[in-house]
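Asker: with the input below, show me the fold.
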Amino acid sequence: MKDYPALAADHAPNVLHPLCPSRQVLGLLTSRWGALILVALAGRTLRFSQLRRELGDVSERMLAQTLQSLEAHGMVRRVAHEVVPPHVDYSLTEIGEEAAGLVRGLASWVEGRLPEILAGRDAGC
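Answerer: This next block holds a predicted model:
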C-alpha cells in the first residue's frame, strides 16, 4: 500500500490539495480500471478470470495491480481457496459497495446523456 503524507491535525481532508490522501483515493476510484472493477463486482463475487472476461480489454498485470490497490484501500475483499488448481474470489467490502454505488450513478448518468455528449463532441464543443 502506498504511503500518504500524514494530514496535519488542524487540516481537514481536501481533495484539491496535492498532498491530501483523499486525492489519491479519488484517483484510484475514478481511474479507468478502478471504476470498472467496482461496477463489475457490485453485489457479486467473481474469480480473477471471470472479472477479466467481464472487463474485456484489461491486461492481467493491470487487473492484478488495480485489485491489489483496491484491496489495500479496503474496497475489495480477496479470498484465496486452498484447492488445486488454486482459485481466488474477489468481492467488494461494505465501503467498496458504497463506492461502487456512487460510481454506478455516474456511469448511469453518462449512459443516459451519451447522445448529447457525443453530439457535443462531434460538433467540436
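
Asker: which strand or helix spans Asp89?
Answerer: Per DSSP states H and E: Asp89 is located in strand 87-92.

Asker: list the helices and strands that strand packs on?
Answerer: helix 32-41, strand 46-47, helix 48-55, strand 76-81 (3 or more C-beta pairs under 8 Å, 6 or more residues apart in numbering; DSSP states H and E). Any C-beta I mention is one placed from the backbone N, CA and C, and that applies to glycine too.

Asker: what about dumping the CA coordinates of the following helix or strand past the third one to CSV?
Answerer: Tracing the chain past helix 48-55, the next element assigned as helix or strand by DSSP H and E is helix 60-72. The C-alpha atoms that make up helix 60-72 are tabulated as CSV, following Å, rounded to 0.1, in the frame of the first residue of the first chain:
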residue,chain,number,x,y,z
GLU,A,60,-3.6,-9.4,-16.4
ARG,A,61,-1.0,-7.2,-14.9
MET,A,62,-3.2,-4.1,-14.8
LEU,A,63,-6.1,-6.0,-13.3
ALA,A,64,-3.9,-7.6,-10.6
GLN,A,65,-2.3,-4.2,-9.8
THR,A,66,-5.7,-2.4,-9.6
LEU,A,67,-7.2,-5.2,-7.5
GLN,A,68,-4.2,-5.1,-5.1
SER,A,69,-4.6,-1.3,-4.7
LEU,A,70,-8.4,-1.5,-4.2
GLU,A,71,-7.8,-4.3,-1.6
ALA,A,72,-5.1,-2.2,0.1
